[in-house]
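Trainee: Quick one, what's the 3D model for this:
(one chain, ligands or ions: 1)
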Amino acid sequence: MHKSQILYGTQTGNSQEVAEKLKDDIENVGFEVHCADMFDSDPDDIDQYTNIYFIVSTWGEGEPPDDSVDYFTKLKELPDKKLEGKNFAVCGLGDSAYDIFNGFAKDVETEMIRLGCNAITERVDCDIDFEELSDPWIEKIIVHEKNVR
Ligand SMILES: Cc1cc2nc3c(=O)[nH]c(=O)nc-3n(C[C@H](O)[C@H](O)[C@H](O)COP(=O)(O)O)c2cc1C
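Mentor: Residues are numbered from 1 along each chain as shown. Modelled structure (predicted):
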C-alpha cells in the first residue's frame, strides 16, 4: 500500500493553505493522505511514506520558516540514499523581490535528491501570486496519485 505525506513549512500560513488544498484534492479523488506542519513532524517517520510532498516558504535571507528549522536540521542528518525508492515533489512559496528566491525550497530539493528520492515533477518556485504555479503543481500531483495508488 502506497502512503502519501504532505509536509508544509510556513510562517504566515500561505504554505499551509496550499498544503490543505492539496490534501482536499487528494481526498476528493478517494485517497488518504497525511498532512502536517514540519514543526509537528519528524524525518525519522518519513520511512512510512512512499510519496512525500513539500510545500515550503522562504524567510530571512533564503532561510526556512522558524518552525521548520528543526525538521530540516534532522533531514540533513539522514544518511545518503536513505530514501531510495520513494518519490517527492517540492512547491516553494517566495517573493522574487528577495535575493535568494525560494532558497528553502531549493535546499529541500537538494536534500531529497541526496537521499536518493525520485522527483515526481519539477520544483515550482511560486511568487507572490502563488496560486498561479501552485494550482498546476497540485494538478500534477493528483495525476501522480491516480497512477500510483
Ligand atoms: C521578512 C520577509 C522575508 C522574506 N524572505 C524571503 C526570501 O529570502 N526569499 C523568498 O523567496 N521569499 C521571501 N519572503 C516571501 C515569503 O516567502 C512569501 O511571502 C511566502 O508566500 C510566505 O509564505 P508562508 O505564509 O507560507 O510563510 C520573505 C517575506 C518576508 C515578509
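Trainee: Can you list the low-confidence ranges for the chain?
Mentor: Low-confidence segments of the chain (pLDDT under 70): 1.
Trainee: please redo it, this time with the cut-off set to 90
Mentor: 1-2, 47, 149 (pLDDT under 90).
Trainee: mind listing what the residue of it found nearest the ligand touches?
Mentor: Here the chain gets closest to the ligand at one residue, residue 94, 2.3 Å apart by C-beta to the nearest ligand atom. For glycine as for every other residue, the C-beta is placed from the backbone atoms N, C-alpha and C. Going by C-beta atoms under 8 Å, 6 or more residues apart in numbering, residue 94 touches 57, 58, 101, 102, 103, 105, 125, 126, 127.
Trainee: 6 Å instead?
Mentor: Residues near residue 94 by C-beta atoms under 6 Å, 6 or more residues apart in numbering: 58, 101, 102.
Trainee: with these in mind, which one is nearest to residue 114?
Mentor: If you rank the contacts of residue 94 by distance to residue 114 using C-beta to C-beta, residue 102 comes first, at 18.2 Å.
Trainee: Can you report how many residues lie near that closest one?
Mentor: Neighbourhood size, residue 102 [other C-beta atoms under 10 Å]: 26.
Trainee: Check the one 4 residues further on too.
Mentor: Close neighbours of residue 106, defined as other C-beta under 10 Å, add up to 19.
Trainee: Identify the residues contacting the strand or helix carrying it?
Mentor: Remark: residue 106 resides in helix 103-114, with elements defined by DSSP states H and E. Contacts to helix 103-114, defined as C-beta under 6 Å, 6+ apart, come from residues 54, 56, 58, 62, 64, 75, 80, 88, 90, 92, 123.
Trainee: Show only the entries of these found in strands.
Mentor: 54, 56, 88, 90, 92 (DSSP state E).
Trainee: hang on, isn't the last one packed against residue 125?
Mentor: Right, residue 92. Yes - counting by C-beta atoms under 6 Å, residue 125 is a contact partner of residue 92 at 4.9 Å.
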